[in-house]
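Asker: give me a 3D structure for the following:
(one chain, ligands or ions: 2)
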Amino acid sequence: MTKRIKVLTARRQWIHAWLGRALWLLAGGLLTLLLFAISIWLWAPALLTHRTPWPFERQLGRIMIDRAAARGTAQLTPPTLSHSKTRDAGRIVYLGACSQCHGADADGKGWLGPLSYPPASALNDADTQKRSDAELYWIIANGLSFTGMPGFRDRLSDEQIWAVIAYLRSFNSSAGSPLPALPTPTAQELAHADPRGHGASRGAALYLALGCINCHGAGGNAPGRLQLRATDQRAVRTIREGSKEGMPAYSTDILSESDLHALLEYIATFRTSRS
Ligand code: HEC
Ligand code: HEC
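Answerer: Numbers count the residues shown, from 1 in each chain. Ligands and ions are numbered 1, 2, ... in the order given. Below is the predicted model of the structure:
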């Protein structure tokens, strides 16, 4: 009899000891949760509104991009990208598809870039040059779904994507002669634009708003094939229909007839001969 009672009390003591510990654990857990909730509450505004990623987020982003890019690059055989023609063509594609986020000179300063989270980064730096052509192809074709980086598989041909990569490679310090720089619009050129004005000044505003300026320069003064002159003959047709060379088509739902006329009036103020 006494033996049995002894066993029971021993067991009870054991249970009590563990119950005590469990309660402490539970209390500790609840307290941690409470502190966590309070700190989230206090930090939430900063977490949700901060626009510049903190260093650990940059690091995490890098790791995720690396992992994403390393996937599916095995079967890709990049073509040779060194042609200066390819670079030129690549810049045009880049200006049409990428510059609004990554900046015309790939410095990460496109007007749309800071609006996404994480913000679009510079592509003219060592981080991008370190990537293989195949990795860059993969990122551009598929996008990075955890960021604002869209995939271009459906919008750009393979040839265009490789050309963009050739353009990005031209920022490598060992890439030889750099491309002629795109002109930065002067305050005077911009002051000409007035969306509520008439003729050429309304045309100038449209020229900015529709992104013509990104490729052709504010006064049509972009280098090489991108230069626009007052005398360019194929103007209307090229604007409406675009061209294989990278000129986008502006149909009547983007650009009405009267807007087209205002645009042409503005273009008529450009130089008449090649500079
Ligand atoms: C993504 C770059 C890009 C944008 C944006 C762009 N263009 Fe072009 N544009 C080109 C390229 C490249 C050509 C040369 C096409 C060719 O050689 O066939 C061209 C050609 C032209 C031409 C024909 C010149 C000629 O006589 O051959 C005109 C006019 C023109 N663009 C006007 C415009 C206007 C107006 C806008 C804005 C509504 C605009 N472009 C937007 C790239 C662009
Ligand atoms: C709507 C904005 C947007 C457009 C348009 C866009 N990107 Fe991005 N891109 C981003 C964002 C956001 C990221 C992720 C943050 C970063 O830059 O690392 C990114 C990332 C990248 C990266 C990976 C950078 C790295 O960290 O190594 C490459 C390469 C890239 N973009 C190339 C391009 C090219 C080429 C185009 C045009 C064909 C393009 N992007 C168009 C927003 C954009």
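Asker: okay, now Leu210: neighbour count?
Answerer: Leu210: 16 surrounding residues under other CB atoms under 10 Å. Placement of C-beta: from N, CA and C, glycine included.
Asker: contacting residues around it?
Answerer: For Leu210, the contacting residues are Tyr250, Ile254, Leu255, Leu263, by CB atoms under 8 Å, 6 or more residues apart in numbering.
Asker: how about 7 Å then?
Answerer: By CB atoms under 7 Å, 6 or more residues apart in numbering, Leu210 lies in contact with Tyr250, Leu255.
Asker: what residues does the protein put near ligand 2?
Answerer: 65, 97-98, 100-102, 112, 116, 118, 120-121, 123, 127-128, 131, 136, 139-140, 144, 147-150, 152, 164 (CB under 6 Å from any ligand atom).
Asker: shaky segments in the stretch 51-200 of the chain?
Answerer: Scanning the stretch 51-200 of the chain for pLDDT under 70 picks out 51-54, 72-75, 81-84, 175-176.
Asker: where along it do the helices fall?
Answerer: In the stretch 51-200 of the chain, the helices defined using DSSP state H, counting those that start in this stretch lie at 55-70, 84-97, 99-102, 126-130, 133-142, 158-169, 187-191, 199-209.
Asker: which one, of those, ends up nearest to ligand 1?
Answerer: Shortest distance between ligand 1 and the helices of the stretch 51-200 of the chain, using CB to the nearest ligand atom, is found for helix 84-97: 2.9 Å.
Asker: could the helices of the stretch 51-200 of the chain go into CSV alongside mean neighbour count and distance to Arg240?
Answerer: Listed next are the helices of the stretch 51-200 of the chain as CSV, based on neighbours: other CB atoms under 10 Å; distance: least, CB to CB, whole Å:
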stretch, mean neighbour count, distance to Arg240
helix 55-70, 13, 38
helix 84-97, 21, 17
helix 99-102, 21, 22
helix 126-130, 13, 36
helix 133-142, 20, 28
helix 158-169, 22, 21
helix 187-191, 11, 25
helix 199-209, 20, 14
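Asker: okay if I get the ones you listed as JSON lines plus distance to ligand 1?
Answerer: Compiled in JSON lines, the helices of the stretch 51-200 of the chain are given as follows (distance: least, CB to the nearest ligand atom, whole Å):
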{"stretch": "helix 55-70", "distance to ligand 1": "26"}
{"stretch": "helix 84-97", "distance to ligand 1": "3"}
{"stretch": "helix 99-102", "distance to ligand 1": "8"}
{"stretch": "helix 126-130", "distance to ligand 1": "21"}
{"stretch": "helix 133-142", "distance to ligand 1": "16"}
{"stretch": "helix 158-169", "distance to ligand 1": "11"}
{"stretch": "helix 187-191", "distance to ligand 1": "15"}
{"stretch": "helix 199-209", "distance to ligand 1": "6"}
